[in-house]
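Peer 1: Any chance you can model this:
(one chain, ligands or ions: 1)
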Amino acid sequence: MSKDRLNFPDNFIWGTSTAGHQVEGGNEFSDWWAWEQKGLIEDGTVSGRAMDYWNRHEEDHALMASLAYKGFRLGIEWARVEPQKGYFDHAVIEHYRHILQSLRNHGFKICLTLHHWVIPRWVADQGDWLNPGTVNQFLRYAKFVIEELGTFPDFWVTMNEPMVPAIMGNVLGRFPPQRRSFRAYRAVSRAYLRAHAGTYHLIHKVQPLAPDGTRSKVGVAMAYPWIEPWNSPGPAGWYERFAAFIARRAAFEGWDHTIRTGKPHWIHGGPAITGVKNSYDYCGINYYTRTSLKFDRTRGDQYWIDDTKAPSGVDVTQMGWQIYPEGLYRTIRSVWKRFGKPILITENGIADDTDKQRPYYIIEHLAQVHRAIREGIPILGYYHWSFLDNFEWQKGFGKRFGLIAVKHDDPDLKRVPRPSAYLYSDIAQKNAITRKIVEAYTPRAVTMVFGN
Ligand code: BGC
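Peer 2: Below you'll find the predicted structure:
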């Protein structure tokens, strides 16, 4: 390894990531839209016009191209495509086609998500994923999109972080539909597994080839927080270790086991799921943080676990999340061991309004990606979350994940690149992290990346 440069493989994709509902604006026929209107977002904002990517995509794509970014991850919104049951809006599909064509014209590697948590309101009204008809309705929507737009994506994400809404919406009651039931978690996660497996096979049937002529590449962008028990002394510590064991199973290990073996993990229960075995062509990793689980008898709402504390000396972000770059390396290794398939980092990023932490967050996480590559693990690319500031679910617009700053209350929604946007651009252009880049943007990371 050179003392001054970490080179990435040829054709490594330097991308950025977004999701429809968080940037497009106007997703009014969706469950989240309705939820926001109830005043349930922490800072009182609603997605509204969001960042108006729906209308400003040309400007955004030109900006990405000027920064030499090579890839873009975006989502299709089911609630837009099928705002009422059985009614497919062709104008919406044409609009998406236009967006995708523009991305293609710029030469970006496109990663397309078919489900990023949000569902049409009519699906929510029928009992969302607990309704036995929902999976087939999702597959009908997916088929329509694959037939219409299937020639564009280099990578497909059937589902984004399915276990996050399964847990947040069904166990912890913090996302719609605010259930608190392990039975619902189990039923919803099984529905997601069926929807994913069905979509995987549909893509291979309807659109067997990716734009580069190779077999289509289909996967899931899975959330892999690095979960650890706090290890308090005595019985509290036992409970924390038990909680961490369950949390890992519920958050990703159960899902991964089911995909790998085809046998539903006990956490998902029930009979076999058709077509689920081995239904990945690549593994999508969304990684942000380490979560330390601490017993707290006042947190009845969270099954007596506080997951917001950081061990002393650990930096935290604007979300209160621990910065733990090594967790990305450890996650990559365990996913590689589990599946032996190429890996795409589909999300990694930080809420940081002032851009003070983001430069070293990026450098330190990329250094961990490089460490895994050096060990021979095939990593195809890195899509940073996020291109733009956007609507951050529960928290609203106050949490700013963008390389590009946009103020939701700015009438012009002006796009202003943060220093990190240029840092990332320099890395993409050089296909390397160089000592010069690190010294220029975040000298504190020099020793970590290059040693002394
Ligand atoms: C989600 C994004 C979200 C980000 C930051 C990821 O879990 O896929 O939609 O904005 O985390 O919270």
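Peer 1: quick one, what contacts residue 25?
Peer 2: By CB atoms under 8 Å, 6 or more residues apart in numbering, the contact list for residue 25 reads 47-55. Yep, even glycine has a C-beta here, placed from its N, CA and C like the rest.
Peer 1: Tell me the spatial nearest neighbour of the residue in the stretch 1-150 of the chain positioned nearest to the ligand, not counting adjacent residues.
Peer 2: Closest residue of the stretch 1-150 of the chain to the ligand, CB to the nearest ligand atom: residue 19 (4.9 Å). Nearest non-adjacent residue to residue 19, counting by CB to CB, 6 or more residues apart in numbering: residue 116, 4.0 Å away.
Peer 1: Distance of that neighbour relative to residue 175?
Peer 2: To residue 175, residue 116 is 12 Å away according to CB to CB, to the nearest Å.
Peer 1: Equivalent analysis for residue 8, please.
Peer 2: 35 Å.
Peer 1: Packing partners of the helix or strand containing residue 60?
Peer 2: Following DSSP states H and E, the helix or strand that holds residue 60 is helix 53-66. Helices and strands touching helix 53-66, by 3 or more CB pairs under 8 Å, 6 or more residues apart in numbering; DSSP states H and E, are helix 90-106.
Peer 1: Check which helices and strands the helix it packs on sits against.
Peer 2: helix 53-66, strand 71-75, helix 78-81, strand 109-113, helix 134-149.
Peer 1: Can you check what angle separates that helix from strand 109-113?
Peer 2: Here helix 90-106 runs at an angle of 150 degrees relative to strand 109-113 (axes from the mean of the first three to the mean of the last three CA atoms, to 10 degrees).
Peer 1: from the chain's centre, how far out does helix 90-106 sit?
Peer 2: 22 Å (CA atoms, centre = their mean, to the nearest Å).
Peer 1: Specify the angle between that helix and strand 71-75 in degrees.
Peer 2: Using the same axes, to 10 degrees, helix 90-106 lies at 170 degrees relative to strand 71-75.
Peer 1: What residues sit buried inside helix 90-106?
Peer 2: 92-93, 95-96, 99-100, 103 (16 or more other CB atoms under 10 Å).
Peer 1: May I have the helix holding residue 60 exported as CSV, CA atoms only?
Peer 2: Taking Å, rounded to 0.1, in the frame of the first residue of the first chain, the C-alpha atoms of helix 53-66 are listed here in CSV:
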residue,chain,number,x,y,z
TYR,A,53,-36.3,16.9,-7.7
TRP,A,54,-39.3,15.9,-9.8
ASN,A,55,-39.0,19.2,-11.6
ARG,A,56,-35.4,20.1,-11.1
HIS,A,57,-33.8,16.8,-12.0
GLU,A,58,-32.0,18.2,-15.1
GLU,A,59,-30.3,20.8,-13.1
ASP,A,60,-29.4,18.2,-10.4
HIS,A,61,-28.0,15.8,-13.0
ALA,A,62,-25.9,18.5,-14.5
LEU,A,63,-24.5,19.4,-11.1
MET,A,64,-23.6,15.8,-10.4
ALA,A,65,-21.9,15.5,-13.8
SER,A,66,-20.0,18.7,-13.2
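Peer 1: ok, that helix near the ligand or not?
Peer 2: No: on the criterion CB under 6 Å from any ligand atom, helix 53-66 is out of touch with the ligand, staying 14.0 Å away.
Peer 1: Report the distance from that helix to the chain centre.
Peer 2: So, by CA atoms, centre = their mean, the centroid of helix 53-66 is 21 Å from its chain's centroid.
Peer 1: what residues does that helix touch?
Peer 2: 16, 18, 23-26, 72, 95, 99, 102-103, 106-108, 387-388, 404, 413, 415, 417.
Peer 1: Then stretch 98-108?
Peer 2: 15, 57-58, 61-62, 64-65, 69-72, 74, 110, 112, 149, 152, 211.
Peer 1: what pairs with the nearest residue to residue 241 once chain neighbours are set aside across the strands?
Peer 2: With sequence-adjacent residues excluded and distances taken as CB to CB, 6+ apart, residue 241 is closest to residue 229, at 4.5 Å. Under DSSP bridges, the beta-bridge partners of residue 229 are residue 293.
Peer 1: pretty sure residue 316 is touching residue 322, no?
Peer 2: Yes: if you go by CB atoms under 8 Å, residue 316 and residue 322 touch, sitting 5.7 Å apart.
Peer 1: so what sits against both of those two?
Peer 2: Joint contacts of residue 316 and residue 322 (CB under 8 Å, 6+ apart) are residue 310.
Peer 1: ok, these two, which is more surrounded?
Peer 2: residue 322 (22 against 14; other CB atoms under 10 Å).
Peer 1: Residue 288 is in contact with that one, correct?
Peer 2: No: judged on CB under 8 Å, residue 322 makes no contact with residue 288 at a distance of 9.2 Å.
Peer 1: near the ligand, which residues of the stretch 101-250 of the chain?
Peer 2: Close to the ligand, as judged by CB under 6 Å from any ligand atom, the stretch 101-250 of the chain has residues 160-161, 164, 223.
Peer 1: name the helices or strands packed onto the longest helix along the chain?
Peer 2: Determined from DSSP state H, the single longest helix within the chain is helix 182-206. On a contact count with 3+ CB pairs under 8 Å, 6+ apart, helix 182-206 meets helix 134-149, strand 155-160, helix 163-170, strand 218-223, helix 254-261.
Peer 1: Now render those as JSON lines, adding mean neighbour count.
Peer 2: Converted to JSON lines, the helices and strands packed on helix 182-206 look like this (neighbours: other CB atoms under 10 Å):
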{"stretch": "helix 134-149", "mean neighbour count": "19"}
{"stretch": "strand 155-160", "mean neighbour count": "27"}
{"stretch": "helix 163-170", "mean neighbour count": "22"}
{"stretch": "strand 218-223", "mean neighbour count": "26"}
{"stretch": "helix 254-261", "mean neighbour count": "21"}
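Peer 1: Of those, give the one that comes closest to residue 271.
Peer 2: helix 254-261 (12.0 Å; CB to CB).
Peer 1: which other helices and strands contact the helix or strand following the closest one?
Peer 2: Per DSSP H and E, helix 254-261 leads on to strand 283-286 as the next helix or strand towards the C-terminus. Where contact means 3+ CB pairs under 8 Å, 6+ apart, strand 283-286 is packed against strand 155-160, strand 218-223, helix 326-339, strand 343-347.
Peer 1: Out of those, the one nearest residue 443 is which?
Peer 2: That would be helix 326-339 among the helices and strands packed on strand 283-286, by CB to CB, at 20.6 Å.
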